[in-house]
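Asks: What follows is a predicted protein model with its sequence.
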Amino acid sequence: MDEAIEKSAMHKIYLRLLPFAILSYILAYIDRINVSFAGLTMRGDLKLSATDFGFALGTFFLGYFIFEVPSNVIMERVGARLWIARIMITWGLFAGLMAFVFDTTSFSIVRFLLGVAEAGFFPGMLLYFTYWFPRKHHARIVSGFLAGLPIAVALGAPISTALLGLDGLFGLKGWQIMYIAEAIPTIVVGILTLLVLTDRPEQATFLTTDERPGSRPRSPPSVLRRRTEIPFG
């Protein structure tokens, strides 16, 4: 691929995928840590002991651990666009369902299902990047993706605290409002995933014919089609 064409293609791909990836990671992290803020009042309202609350928190990671690898195997079969959308929509639904737990058992079950729903998101995104970016771009795209973490930490606390302060609105507890309000953006972005993501560069309508892999049969395979394994996080 001509250097100018490759540069143009990479510019478009970065603009298309990186902002979406960062936003998705911010939402994932906020939905993961908001339970810590909810616990300030949730434990008392549900009469949960510290042990019960800690056990329920841990079930999230159990579900995530069990289904992380199967999730990525399925993504390879059905396509990243559909599967990442499924991950975000279902984890958003379960994150919102957290507002309606009423005891230790229901809390633990929903947390476990939330882990199952979110399983494979982080490694799935890393795998997805290998479809689109040659090796020399891996460090740049992954570091850009991880920028969502400090942003989520900076935004998560004030947003969650403000939502907790709405206690009594619509007859709901502050922690219930927080779970519902923070779940809605995840569901919306999950739906938008179907419009934003494309499974492979060969199918990308936002690239020109010359920028898409396979447009020049006599040339060596495009760097956009070169895939290398990178560790899952």
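Replies: Thanks, I have it.
Asks: contacts, neighbours, all on C-alpha from now
Replies: OK.
Asks: From residue 15, how far off is residue 54?
Replies: 40 Å (C-alpha to C-alpha, to the nearest Å).
Asks: for residue 187, same thing?
Replies: Applying C-alpha to C-alpha, the value for residue 187 to residue 15 is 22 Å.
Asks: The two - which one has more neighbours?
Replies: residue 187 (23 against 10; other C-alpha atoms under 10 Å).
Asks: Touching, the more buried one and residue 93? I think so.
Replies: Yes: judged on C-alpha atoms under 8 Å, residue 187 makes contact with residue 93 at a distance of 7.0 Å.
Asks: How about the contacts made by residue 55?
Replies: Taking C-alpha atoms under 8 Å, 6 or more residues apart in numbering, we find residue 55 in contact with residue 108.
Asks: what mean pLDDT does the strand or helix carrying it have?
Replies: Assigned by DSSP states H and E, residue 55 belongs to helix 50-78. The average of the pLDDT scores along helix 50-78 is 92.
Asks: Please apply the same query to stretch 32-40.
Replies: Rounded mean pLDDT across stretch 32-40 is 87.
Asks: tally of neighbours for residue 48?
Replies: Neighbours around residue 48, by other C-alpha under 10 Å: 17.
Asks: longest single helix anywhere in the protein?
Replies: Taking DSSP state H as the criterion, the chain has its longest helix at helix 3-46.
Asks: helices or strands up against it?
Replies: Other elements packing on helix 3-46 under the criterion 3 or more C-alpha pairs under 8 Å, 6 or more residues apart in numbering; DSSP states H and E are helix 121-132, helix 138-146, helix 148-164, helix 174-196.
Asks: mind putting those in TSV, distance to residue 72 and mean pLDDT included?
Replies: Formatted as TSV, these follow (distance: least, C-alpha to C-alpha, whole Å; pLDDT from 0 to 100):
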stretch	distance to residue 72	mean pLDDT
helix 121-132	6	90
helix 138-146	18	90
helix 148-164	21	88
helix 174-196	17	94
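Asks: how about CSV for the ones you listed, with distance to residue 20 added?
Replies: Listed next are these as CSV, based on distance: least, C-alpha to C-alpha, whole Å:
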stretch, distance to residue 20
helix 121-132, 11
helix 138-146, 9
helix 148-164, 10
helix 174-196, 8
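Asks: Report the buried residues of stretch 61-78.
Replies: 61, 62, 63, 64, 67, 68, 69, 71, 72, 75 (16 or more other C-alpha atoms under 10 Å).
Asks: May I see those organised as JSON lines, with distance to residue 5 added?
Replies: Output for the buried residues of stretch 61-78, formatted as JSON lines (distance: C-alpha to C-alpha, whole Å):
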{"residue": "61", "distance to residue 5": "43"}
{"residue": "62", "distance to residue 5": "45"}
{"residue": "63", "distance to residue 5": "44"}
{"residue": "64", "distance to residue 5": "40"}
{"residue": "67", "distance to residue 5": "39"}
{"residue": "68", "distance to residue 5": "36"}
{"residue": "69", "distance to residue 5": "36"}
{"residue": "71", "distance to residue 5": "34"}
{"residue": "72", "distance to residue 5": "31"}
{"residue": "75", "distance to residue 5": "29"}
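Asks: quick one: which of these is nearest residue 34?
Replies: Nearest to residue 34 out of the buried residues of stretch 61-78 is residue 61 (C-alpha to C-alpha; 14.9 Å).
Asks: Now do the contacts for the closest residue to that closest one other than its chain neighbours.
Replies: Excluding its sequence neighbours, the residue lying closest to residue 61 (C-alpha to C-alpha, 6 or more residues apart in numbering) is residue 115, at 6.0 Å. Neighbouring residues of residue 115 by C-alpha under 8 Å, 6+ apart: 59, 60, 61, 62, 63, 64, 91.
Asks: and the angle for the helix or strand containing residue 115 with helix 50-78?
Replies: Using DSSP H and E, residue 115 sits in helix 104-118. Per axes from the mean of the first three to the mean of the last three C-alpha atoms, to 10 degrees, the angle that helix 104-118 makes with helix 50-78 is 30 degrees.
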